[in-house]
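S.K.: What would the 3D arrangement of this be:
(one chain, ligands or ions: 1)
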Amino acid sequence: MQLSKEMAAAINDQIKAEFDSAYIYMAMEAYFKDAGFDGMAHWMHKQCKEEIEHAERFIDYLYDRGARFIVPDVAKPKDSYESPLDAFKAAYAHEQYVTSRIYKLVDMAMAEKDYASLSMLKWFVDEQVEEEDNASSIVAKLERLGTHHLFLIDKELGER
Ligand code: FEO
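M.R.: This next block holds a predicted model:
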């Protein structure tokens, strides 16, 4: 069965969102490097790479279904944050946004009875649980331990 034009377009749009995510985390990495938090920068570097892997997973799926991948424009991300907490709060909010996008794709696949896309999307539904948990745990830790323990948290995130 061929992938619908609508689903191919929606997946291409999601690929853009994944590359946008990669850029957002790359900019957060640069912010942390500049602020002297090498561990947090390392965490963001890994996160950026994961987002590129997410994009590649969708691209491979388009190819597997004989659909066209269109290389997207990537949005310029925000360069600066008030604090590490501010950056991780933004990362958490962004992951919640990505989850809502994935759920919309699931809704679309269900409406189209596109079982192959549903199966592929299941991985992303599970991944988003982990993505949100990772970001929200760091937000909680930064809120709990406050600014006095920033360098401790930095060291811990450097071990990702
Ligand atoms: Fe690709 Fe962080 O979700």
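
S.K.: tell me which parts of this protein are close to the ligand?
M.R.: When proximity is defined as C-beta under 6 Å from any ligand atom, the chain approaches the ligand at E18, S21, E51, H54, E95, V98, E131. To be clear about C-beta, it is placed using only N, CA and C from the backbone, and glycine gets the same treatment.

S.K.: Need these in a markdown table (columns: secondary structure).
M.R.: Formatted as a markdown table, the residues of the chain next to the ligand follow (DSSP: H, G, I helix; E, B strand; the rest coil):
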| residue | secondary structure |
| --- | --- |
| E18 | helix |
| S21 | helix |
| E51 | helix |
| H54 | helix |
| E95 | helix |
| V98 | helix |
| E131 | helix |
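
S.K.: export these to a markdown table and tack on neighbour count and pLDDT?
M.R.: Shown next, in a markdown table, are the residues of the chain next to the ligand (neighbours: other C-beta atoms under 10 Å; pLDDT from 0 to 100):
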| residue | neighbour count | pLDDT |
| --- | --- | --- |
| E18 | 22 | 98 |
| S21 | 25 | 98 |
| E51 | 21 | 98 |
| H54 | 24 | 98 |
| E95 | 22 | 98 |
| V98 | 21 | 98 |
| E131 | 24 | 97 |
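
S.K.: Closest to L142 out of those residues?
M.R.: The closest of the residues of the chain next to the ligand to L142 turns out to be E95 (C-beta to C-beta; 15.6 Å).
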